[in-house]
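Enquirer: sequence-free structure coming up:
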């Protein structure tokens, strides 16, 4: 079902998706508000958190993110766009 929607359409709805996440869990919102949407392949939405302009050196916080927050994000995407995706964090 995700092939009916593009990455561009997800990007266009991203603020609304994040608003939905924030309304139920502000910590989950904080975990994803800085994510960059990289690709949508099949039902896998890849997010990237690296931003060399913000922090020098390695700053991999993947282990620090709660898997329940990813579930909240995936649920918000389904609620807003009507598609089921699996979020992949880079």
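Expert: Looks like it arrived, so ask away. As the structure is a computational prediction, the values presented were derived from the model and not from experiment.
Enquirer: contacting residues around residue 35?
Expert: When contacts are counted by Cβ atoms under 8 Å, 6 or more residues apart in numbering, residue 35 touches 47-49, 89. Heads up, the C-betas are built off the backbone N, CA and C, glycines and all.
Enquirer: With adjacent residues omitted, what lies nearest to residue 29?
Expert: Leaving aside its chain neighbours, residue 29 sits nearest to residue 22 (3.7 Å; criterion: Cβ to Cβ, 6 or more residues apart in numbering).
Enquirer: can you pull out the strands in this structure?
Expert: For the chain, the strands defined by DSSP state E occupy 36-41, 44-48, 86-89.
Enquirer: Can you list the helices and strands that the longest one packs against?
Expert: If you count contacts as 3 or more Cβ pairs under 8 Å, 6 or more residues apart in numbering; DSSP states H and E, strand 36-41 packs onto helix 7-24, strand 44-48.
Enquirer: how about the nearest residue to residue 4, chain neighbours excluded?
Expert: residue 83 is the one closest to residue 4 (Cβ to Cβ, 6+ apart), at 7.5 Å.
Enquirer: if I read this right, the one you found contacts residue 5, doesn't it?
Expert: Yes. With contacts counted by Cβ atoms under 8 Å, residue 83 reaches residue 5, the gap being 5.5 Å.
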